[in-house]
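> what's the 3D shape of this:
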Amino acid sequence: MSGARRREEPPHAQQHGVANGGAAGRGSVWGKALRSDSAWHDKDEFLDVIYWFRQIIAVILGIIWGVVPLKGFVGIAVFCLINAGVLYLYFSSFQQIDEEEYGGTWELTKEGFMTSFALFLVVWIIFYTAIHYD
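Here you go, the predicted structure:
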């Protein structure tokens with residue numbers, strides 16, 4: 001039965017659904033991420049947005065820290081504050097989601113934090129070494 005349905009659909013409709021991760025007709029994830037107070041029906045989709053925003057912040061701050069040149073604990077502490085603070089403001093003020101649906105504020109604050117921290121350190125070390133190491 002499902003094979004017959006699949007043959008009835010035009011090939012471009014199947015490809016379009018797969019190309020968008022099966023999200024045809026629901027709008028872009030990044031479009032929802034950049035619009036204030038979006039409706040997030042899929043919790044994993046919102047957690048993915050949080051995760052990738054953290055990675056973007058890590059790369060940007062790693063480059064800045066390497067160029068400036070920041071060193072030591074101050075650089076790490078400021079990264080942690082900015083990373084956690086920006087994402088907290090994003091999901092609590094900009095998206096205005098109910099944190100309890102995702103396990104509380106702490107769960108959202110730590111979502112993807114360690115991978116972004118590792119990425120930040122790698123980018124920071126690479127840029128610092130490339131620019132300031134004699």
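> Need the pLDDT of Q15.
pLDDT for Q15: 45.
> Point out where this structure drops to low pLDDT.
1-27 (pLDDT under 70).
> give me that answer again for 50
1-25 (pLDDT under 50).
> Just after the longest helix anywhere in the chain, pick out the following helix or strand.
If you go by DSSP state H, the chain has its longest helix at helix 43-67. Sequence-wise, the next helix or strand downstream of helix 43-67 (DSSP states H and E) is helix 72-89.
> Just the buried positions in stretch 57-66, please.
For stretch 57-66, a neighbour-count test (16 or more other CB atoms under 10 Å) marks I57, A58, V59, L61, G62, W65, G66 as buried. (Glycine included, C-beta is placed from N, CA and C.)
> May I see those organised as JSON lines, with distance to I76 added?
Listed next are those as JSON lines, based on distance: CB to CB, whole Å:
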{"residue": "I57", "distance to I76": "14"}
{"residue": "A58", "distance to I76": "12"}
{"residue": "V59", "distance to I76": "16"}
{"residue": "L61", "distance to I76": "11"}
{"residue": "G62", "distance to I76": "11"}
{"residue": "W65", "distance to I76": "9"}
{"residue": "G66", "distance to I76": "13"}
